[in-house]
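Chemist: Predicted model and sequence follow; I will ask about them next.
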Amino acid sequence: AQSVTQLGSHVSVSEGALVLLRCNYSSSVPPYLFWYVQYPNQGLQLLLKYTSAATLVKGINGFEAEFKKSETSFHLTKPSAHMSDAAEYFCAVSASGGYNKLIFGAGTRLAVHP
Amino acid sequence: EPEVTQTPSHQVTQMGQEVILRCVPISNHLYFYWYRQILGQKVEFLVSFYNNEISEKSEIFDDQFSVERPDGSNFTLKIRSTKLEDSAMYFCASWDREEGPDQPQHFGDGTRLSIL
């Protein structure tokens, strides 16, 4: 069975600071991993995905994530936070890619202050 | 870019009433999903649907829930007798096998269901 743990339900950073959102997964098979962002009163937008092609994955809006099998982690980073990055971020895992159900983490709410 | 559309965006219903949430998946997609997100909590899988039948469902998806693809474009979630705890945001998603297993599901903007 798959599961996802996101450490830190709330993260607050200053504008221009590094963003680090943590995600650890558990999977009995090679996982497909996704990061989604949810802006207030909106749906889920894909930020990036890991599908075994490369361990460092670049996504939209300057975000990237690194897959570390030894640590079962897929942390999301952005070198310099922008006010518009304030949102909720969800890490998700799937056993078989898009075909299978997604298992989501609890989410991390990112606040960016001036 | 094609997108998944959901209607209505907000539904208010009296407890005990039936409610139908509607979704129009991306036109060439064949796999459909419903997820829900109770306020302040994580997104939870409800059900997946392929070839006109349920392929998987969670323990949340009890006899009060049903899904249907009534025509070639709509995918619906019905809750027969709503409870207060059904209040949540419901997301529809779709996926196309032709895109490959590494491609993500595409989500709609959700329907916020409020049970009074």
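Modeler: Received the coordinates, thanks.

Chemist: Would you point out which residue is most central in chain A?
Modeler: Centroid-nearest residue in chain A, with CA atoms, centre = their mean: residue A:35, separated by 3.5 Å.

Chemist: Next, give phi and psi for that one.
Modeler: Dihedral pair for residue A:35: phi -120, psi 130, per degrees, to the nearest 10.

Chemist: Can you name the residues of chain B sitting close to chain A?
Modeler: Contacts of chain B with chain A, taken as CB under 8 Å from any CB of the partner chain, map to B:31, B:33, B:35, B:41-45, B:48, B:56, B:58, B:91, B:93, B:95-97, B:99-105, B:107-110. For every residue, glycine as well, the C-beta is placed using N, CA and C.

Chemist: Now the buried members of the residues you listed.
Modeler: B:31, B:33, B:35, B:42-45, B:48, B:58, B:91, B:93, B:95-96, B:103-105, B:107-110 (16 or more other CB atoms under 10 Å in any protein chain shown).

Chemist: For the chain, give me the ranges with low pLDDT.
Modeler: Picked chain A for this. Applying pLDDT under 70 to chain A picks out residues A:96-99.

Chemist: Wait, chain B was what I had in mind.
Modeler: Using pLDDT under 70, the flagged stretches of chain B are B:1-2.

Chemist: residue ranges of the strands in it, please?
Modeler: B:5-7, B:10-13, B:19-24, B:31-37, B:43-50, B:53-57, B:65-68, B:75-79, B:88-95, B:106-107, B:111-115 (DSSP state E).

Chemist: For residue 10, list each beta-bridge partner.
Modeler: All of this refers to chain A. residue A:109 (DSSP bridges).

Chemist: The intended chain is chain B.
Modeler: Here residue B:10, judged by DSSP bridges, has bridge partners residue B:112.
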